[in-house]
Structure formats: C-alpha cells, structure tokens
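J.: here is my input, please return the structure:
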Amino acid sequence: MNIDTSDRRQLEQSSNVLLLAPLTPTGNRACLELLASTTPPEDANVAAVTYTPPPETWISDWKKYIERLPDELAFIHANTVETTGDYDESELPPDVSVARVDPNQPMDIIAPLSEQLTRWNGNGNQTLVSVQTLTILLEYVDFDTAFRYLHILTHRVQAADAIGFYQMDPDIHDEETINTLKTLFDAVVEVSDDGEEWSVTETYGDRTATSDHVQSHDTDVSVPDSESGLFASIRDSLTGVFSDASDSESAGTATGGSPNRSARGPRPGRPHSRGGSRASKTSPKRRC
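T.: Alright, predicted model coming up:
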C-alpha cells in the first residue's frame, strides 16, 4: 500500500483509524502494510490485538509482507481455545510478550494493553495499536458491549499518543452498524476486495452524543478487594485474522444495534481540526 504525503500526514494526525477491508489474506495484508506505511518498523512499538490467528501467524505474515519486525512488539490474544491450558511460545521471538484473554470479555483487553502502552512511554518510538478484527469481536459480544469497549479503548489509545488501526469487513455488516462505529474514529481507510484501490476519509461530527449514550449505560464492574494497582483501577471503571497460507476467503456474519458516540478532542500534541457538522473529505488512491 503506497500512501502519499497528504494521506500519511492525515493518518499521523489521527488517534484512531477504522480500516474497512475484507477478512481475506488481501485484507490482512492491507492492515499490516498500513501500519508499516504510517511508521517505519524500526521506529515503531506495535501492540497487536488478535482473535483468530495466533501471534506466530501474525509474525509470519508480517515478515512475508513487511520483512523487518517492529522495534517493540506485544500481543493481546483473545481466543477461547488458547486461553486454557499451557501454551508453547517457543516459536515466538524471545522479546515478544503475549497476554491471553477471553474474547467474550473484551474489557479484559484494556488492562494488559494499557500496561504495555505505559511500558513503552518515552522510549522514542511511535506506538501503534492493531485490532484484528472488529468483525470477529462482534461474533463474541453484542453491539452495545462492543461499542462501550471501543469507546474506552479509543480514548486509551489517544491518551497514550498512539495510533490505533481497527480492521472491519464492510461486506459482513449492515450500513447502520458501520456508520455508527465510524463515529468513534478520526479517519477511515477503505480497501477494495482485490486490494488495488483504497481511499482515506477524515471524519467529522458532533462528539457529545456518544458521551451521553455511554453514560446512559452501566459500564461498572465489581472487582474483588484483593485486586489492586493498574488492573484493578481500570476494571473498577469498566463492566485473528488470516494467514496468507489459507485460501479461504469466507467469514462469519455479525450484527449489531445502533448507539451514538463519544466526545473526544484533538489528538494530544498533534494539530487536528474538527468541524461541528458532519462532513468528509476523501482522496481515492490506487496501489502501485
């Protein structure tokens, strides 16, 4: 994926970017290339939230498409099967960490991710967060739960001065679901099924509506008194994709409702204008 200067600047000024790409090897490649195009691997910390593919597959695909691994790499892997029992991580590079969580409890992702973002703070690299994919997330939880989770996650990414990329298959979800989720993001990147055409759209809108919606839902969760520190403080305030080796280009369906979205200001430390009314600016591109 070749990104021109204006689009790269637009992505660099964003805190959270929605990637609309198919759940296929082509879409997976687009997600990895988008991360590498935004920040060179040697200057990047990457926290990858994965569901279907194990971390080994993510690393294999990255090496195939991008070659050099990010300077710092960590995984939060949400997979029911792999959260039980012992797991052999001998195939992973020794400096790569993996936190394993239950995909039915998306709020459990926030704590290890926040801990990782804090650990990287001030190391001189640009931190990137990759979530693959929202489509799989919506197979595990209902839309309201997913929306509240993403509302919190996007704010955490912004607070860390990171850039988050969230992949979603637009062919699996209805237009209302996609448009509602778009309001959580600063920019939307759309990729064609063949990966040859893509576009970057900056989003605008009234950010107060989501805050009202989120506050109308109970997001608190009780935590045992024995828990303390970072994990407890976060939980107190709250309630993968595909390897190129696979020839399958199918994906399950996911559905959801339609809440509103949250108030969020410009990305800290980066110039970012926002309008009061809904508008968009799109620049279609073609891959070379």
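
J.: any idea which helix or strand comes after the longest helix along the chain?
T.: For the chain, the helix that runs over the most residues, judged by DSSP state H, is helix 143-159. Once helix 143-159 ends, the next helix or strand along the chain (criterion: DSSP states H and E) is strand 163-168.

J.: and the angle from that following strand to helix 143-159?
T.: For strand 163-168 against helix 143-159, the angle by axes from the mean of the first three to the mean of the last three Cα atoms, to 10 degrees is 160 degrees.

J.: mind listing what strand 163-168 pairs with, with the direction of each?
T.: Sheet pairing for strand 163-168, assigned by DSSP bridges, gives strand 16-20 (parallel), strand 126-132 (parallel).

J.: so what touches it?
T.: Contacts to strand 163-168, defined as Cβ atoms under 8 Å, 6 or more residues apart in numbering, come from residues 11-12, 14-21, 27-28, 31, 34-35, 38-39, 126-135, 150, 153-154, 157, 178, 181, 185, 241. For every residue, glycine as well, the C-beta is placed using N, CA and C.

J.: in TSV, list the strands paired with strand 163-168 along with mean neighbour count.
T.: Shown next, in TSV, are the strands paired with strand 163-168 (neighbours: other Cβ atoms under 10 Å):
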stretch	mean neighbour count
strand 16-20	26
strand 126-132	24
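
J.: buried ones in the helix or strand hosting residue 176, by neighbour count?
T.: Per DSSP H and E: residue 176 is located in helix 175-182. Buried residues in helix 175-182, counted by 16 or more other Cβ atoms under 10 Å: 177, 178, 180, 181, 182.

J.: for it, packing partners?
T.: For helix 175-182, the packing partners by 3 or more Cβ pairs under 8 Å, 6 or more residues apart in numbering; DSSP states H and E come out as strand 16-20, helix 143-159.

J.: please enumerate the helices of this protein.
T.: Using DSSP H, helices in the chain cover 5-12, 25-38, 55-65, 110-120, 134-140, 143-159, 175-182, 208-215, 229-236.

J.: what confidence value was assigned to residue 225?
T.: With respect to pLDDT, residue 225 has a value of 37.

J.: tilt between the longest helix of the chain and helix 110-120?
T.: Using the same axes, to 10 degrees, the inter-axis angle of helix 143-159 relative to helix 110-120 is 10 degrees.

J.: and helix 143-159, what does it pack against?
T.: strand 16-20, helix 110-120, helix 134-140, strand 163-168, helix 175-182, helix 208-215.

J.: can you list the low-confidence ranges for the chain?
T.: Scanning the chain for pLDDT under 70 picks out 1-5, 82-90, 204-288.

J.: hmm, 80 instead?
T.: Scanning the chain for pLDDT under 80 picks out 1-10, 12, 80-91, 193-198, 204-288.

J.: compare the helices and strands packed on helix 143-159 and give me the one nearest residue 103.
T.: Residue 103 lies closest to helix 134-140 among these, at 4.6 Å (Cβ to Cβ).

J.: for residue 51, see how far away residue 186 is.
T.: Residue 186 sits 23 Å away from residue 51, going by Cβ to Cβ, to the nearest Å.

J.: the two - which one has more neighbours?
T.: Legend: neighbour count by other Cβ atoms under 10 Å for residue 186 and residue 51, higher for residue 186 (24 against 20).
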